[in-house]
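Participant: Pasting a predicted model and its sequence here:
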Amino acid sequence: MSEENNLKEEMKRLKEEMTALKQQLQNMTSQRDQKRRGIYIDVNDRLAGVSEYVNEVMEGVTEGIEGEIEKSIFIHPHGRHVKIIHRERADREPSEHVEKPDLNKAANIMSALGQEHRLKILQELMTGGKYISDLQNSLPEITTSTLSSHLDVLQEAGLVVQERVRGRYLITIPGRMAYKMSNMIAKQRDRHADTDTETEPSQP
Amino acid sequence: MLLQHMQLGTQPQKLTKDTTLLQNEKCIIKTAAGTLTLPILVDGNPSGHFFMGKGEFILDAIIETARGAIGKPVTRDLNRPFLMLGENTTLNQNLAPATIQDLTNAGHKGTEEFLKKAHETLDRFGHRRHGRFDMESDAHIFAFATEHDRWDILVAKQDKLVYASKHRVYVSGDDGESVSVGPAQILVAKKGKTVVMDKGNILVDRNDH
């Protein structure tokens, strides 16, 4: 008797499982059809994803609006970054737009940068104005006379300016740009050197 | 005191030693020994000095920004007449009556000629300048004659100063507040924030992070 009851229970459980499987199959078919019509949204599993997507879109729109507003008053939306606005004059001749680079000046600047000690001096000045004694302390490998000579070269190139009253050396805007540029070039060179090594065919 | 009421004294004096007339973080004005002077009187009160001789004026018209320094030092040899309004005790200690020999050594034929030149210079400075000013005890006004019969003006009070020349206006205030107006660029810096305006560009740097 108990064996008969067990079988009945088993049958009932199997029926329930079959009903559940059927329901699952029906759902899957329905979802496939919706997917084909391009309106599939899995509410249970994807709701969070949709919400994130909507938020992202809204953030993008908001940023765009803020950017346009800030642009109109010349302030970048991200605080300390800089916004440069170029105003084009309609009456200008097109030839004036194309500025020929002053290669001689560029060569002088590159020449001033072409010395490791001078780059070290610029690196020191990146943190703020320094007296020559500060530079001597932080760069003991450079002798005093050489340090003065390097500072003269950097001043000549417009990368550094010296205060006449207090005597401090300050890095100029071109100086900061030049220092950053030299580092960027060095990094790019390393990156490309790595790539070349990877793609180089192996020697037989 | 009124500018129109400025008058020159009649007794020429000379500097017995090199003297610093003004020195702060941004600016230094020195005069050399042998420079001739006359006291400037306003409403009969000693209010400054007229100088004719040699000296040096240095102004670090440099503004430090988060993106680097902008500007350069302004230097000028003071070989033309200039005026100083304001008190300077060191100067008074270094003055002595000028002799005929001192005047002739400086290229003047005598006292009369020197006084005439000085009055002409002061008249040119006062020409079309009308106004009233109240000098504070620690403030100074300098007026430097230039080759174009113009005057470069420097107003200084402790570390704060305003300099105005034909090509540049430079202001340095408290806490690194600075303004520089040049022929091709206007720069305003205050509390780490900088605005630079030049040909076709406006650059705003808010370094408040």
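Facilitator: Good, I have the coordinates. Numbering: from 1, shown residues only, chains lettered A, B, ... in the order given.
Participant: Helices of the chain, residue ranges please.
Facilitator: Because you didn't say which chain, this covers chain A. In chain A, helices defined by DSSP state H lie at A:2-36, A:43-72, A:94-97, A:103-113, A:116-125, A:132-138, A:144-156, A:173-199, listed in chain order.
Participant: my bad, the chain I had in mind was chain B
Facilitator: Listed in chain order, the helices of chain B (DSSP H) span residues B:89-93, B:100-105, B:111-126.
Participant: want to throw those into TSV with mean pLDDT and distance to A:Arg13?
Facilitator: Backbone N, C-alpha and C define where each C-beta goes, glycine included. Formatted as TSV, the entries for the helices of chain B read as follows, by pLDDT from 0 to 100; distance: least, CB to CB, whole Å:
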stretch	mean pLDDT	distance to A:Arg13
helix B:89-93	90	109
helix B:100-105	92	125
helix B:111-126	87	112
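Participant: Indicate which one of these is closest to chain A.
Facilitator: Across these, chain A has its closest neighbour in helix B:89-93 (17.7 Å, CB to the nearest CB).
Participant: Against which helices or strands is the closest one packed?
Facilitator: Here helix B:89-93 touches strand B:19-23, going by 3 or more CB pairs under 8 Å, 6 or more residues apart in numbering or on different chains; DSSP states H and E.
Participant: what helices or strands is the strand it packs on leaning on?
Facilitator: The elements that strand B:19-23 packs onto, with contact taken as 3+ CB pairs under 8 Å, 6+ apart, are strand B:27-31, helix B:89-93, strand B:139-145.
Participant: again, only using 10 Å
Facilitator: Counting contacts by 3 or more CB pairs under 10 Å, 6 or more residues apart in numbering or on different chains; DSSP states H and E, strand B:19-23 packs against strand B:27-31, strand B:55-65, strand B:82-85, helix B:89-93, strand B:139-145, strand B:151-157.
Participant: Of all the ones you listed, which one is nearest A:Ala193?
Facilitator: Proximity of those to A:Ala193 was assessed by CB to CB; the nearest stretch is strand B:55-65, lying at 35.4 Å.
Participant: between the closest one and strand B:151-157, how many degrees?
Facilitator: What separates the directions of strand B:55-65 and strand B:151-157 is an angle of 70 degrees, with axes from the mean of the first three to the mean of the last three CA atoms, to 10 degrees.
Participant: Strand B:55-65 near chain A anywhere?
Facilitator: Yes. Strand B:55-65 comes into contact with chain A when judged by CB under 10 Å from any CB of the partner chain, the residues involved being B:Glu56, B:Ile58, B:Leu59, B:Asp60, B:Ile62, B:Ile63, B:Glu64, B:Thr65.
Participant: May I see the buried residues of the lowest-mean-pLDDT helix or strand in chain B?
Facilitator: Among the secondary structure pieces of chain B, namely its helices and strands, strand B:201-206 has the lowest mean (mean pLDDT, DSSP states H and E), a mean of 78. When neighbours are counted by 16 or more other CB atoms under 10 Å in any protein chain shown, the buried residues of strand B:201-206 are found to be B:Leu203, B:Val204, B:Asp205, B:Arg206.
Participant: tell me which residues of stretch A:163-174 are tucked away?
Facilitator: By neighbour count, and taking 16+ other CB under 10 Å as the criterion, the buried residues in stretch A:163-174 are A:Glu163, A:Arg164, A:Val165, A:Arg168, A:Tyr169, A:Leu170, A:Ile171, A:Thr172, A:Ile173.
Participant: To what extent is residue 12 buried, counted in neighbours?
Facilitator: If you meant another chain, say so; for now it's chain A. For A:Lys12, the neighbour count with other CB atoms under 10 Å in any protein chain shown is 10.
Participant: switch to chain B, that's the one I care about
Facilitator: Burial of B:Pro12 is recorded as 25 neighbouring residues (other CB under 10 Å).
Participant: Identify the residues contacting it.
Facilitator: Listed by CB atoms under 10 Å, 6 or more residues apart in numbering or on different chains, the contact set of B:Pro12 reads B:36-39, B:50, B:52, B:97-100, B:102-103, B:106, B:108, B:110-111, B:114-115, B:118.
Participant: The residue nearest to A:Glu141 when sequence neighbours are not counted and A:Leu154: what is the separation?
Facilitator: Nearest-residue entry for A:Glu141: A:His117, 7.9 Å, with adjacent residues in sequence omitted and distances by CB to CB, 6 or more residues apart in numbering or on different chains. Separation of A:His117 from A:Leu154 (CB to CB, to the nearest Å): 10 Å.
Participant: Compare neighbour counts for these two and give me the winner.
Facilitator: The residue with more neighbours, out of A:His117 and A:Leu154 and counting by other CB under 10 Å, is A:Leu154; that gives 27 against 14.
Participant: thinking the more buried one is in contact with A:Thr172, fair?
Facilitator: Yes. Here A:Leu154 lies in contact with A:Thr172, judged by CB atoms under 10 Å, at a distance of 9.2 Å.
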